[in-house]
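I'll drop the sequence and a predicted model, then ask my questions.
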Amino acid sequence: MKEVQKEKIIELFKKKGFDPGISWFCVQFKDKFKSEYNLDEMNFDDAYKNLIDFLRKEKIEEVLFFPEPDFESKKWYQAEIPNAYVKIEKLKDFLKEHVNTFTNCHIADKDLRWIFTITHEDDFVISGTKKLTQEFIKFFKGATIMSRAEIEAKWNKKKTKK
């Protein structure tokens, strides 16, 4: 693990067009990425294993890990969550130690071309290109998987019933 100063992460977000001041950082993803899927109904160990299997298949050797950019751990009496580059062979243990579902945590490639979010609601979201996300969800066969379009349609249907 190689920790990264929060200022460097913020600089990267801004360079890629993200606003690090927006709470629920992932609400911006639908405007930046072509495709998103929500993955639910699976445990963390399975999710971590599937993520690592995908990363190995894609020959990705290191990822960027970060919590919500505006998360203040001390304010909420939570342990500090590092911003770090993590080698794949160390990733599972790192995630077990540092994921805190008090806030969202994110795993991304170094250039933020895709982001895997572990939400505070114990589900997961993959955001990226259509090709990458479709390849990614193949590794999560046991999960309940919904595309962004399916989720938005479901929410809209609930709104119209009220």
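On my side now, so go ahead.

now stretch 126-139: buried residues?
If you call a residue buried by 16 or more other C-beta atoms under 10 Å, then stretch 126-139 has these buried ones: 126, 127, 128, 132, 133, 136, 137, 139. Any C-beta I mention is one placed from the backbone N, CA and C, and that applies to glycine too.

which stretches of the chain form strands?
For the chain, strands defined by DSSP state E occupy the ranges 2-3, 35-40, 62-67, 84-87, 105-108, 115-118, 124-128, 144-147.

make a markdown table from these and add mean pLDDT and distance to residue 94 to it.
What follows is the strands of the chain, written out as a markdown table (pLDDT from 0 to 100; distance: least, C-beta to C-beta, whole Å):
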| stretch | mean pLDDT | distance to residue 94 |
| --- | --- | --- |
| strand 2-3 | 96 | 11 |
| strand 35-40 | 94 | 20 |
| strand 62-67 | 96 | 7 |
| strand 84-87 | 98 | 5 |
| strand 105-108 | 96 | 10 |
| strand 115-118 | 96 | 12 |
| strand 124-128 | 95 | 16 |
| strand 144-147 | 94 | 25 |
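
distance to residue 161 added to those strands, as JSON lines?
Below are the strands of the chain laid out as JSON lines (distance: least, C-beta to C-beta, whole Å):
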{"stretch": "strand 2-3", "distance to residue 161": "47"}
{"stretch": "strand 35-40", "distance to residue 161": "21"}
{"stretch": "strand 62-67", "distance to residue 161": "35"}
{"stretch": "strand 84-87", "distance to residue 161": "43"}
{"stretch": "strand 105-108", "distance to residue 161": "33"}
{"stretch": "strand 115-118", "distance to residue 161": "28"}
{"stretch": "strand 124-128", "distance to residue 161": "25"}
{"stretch": "strand 144-147", "distance to residue 161": "19"}
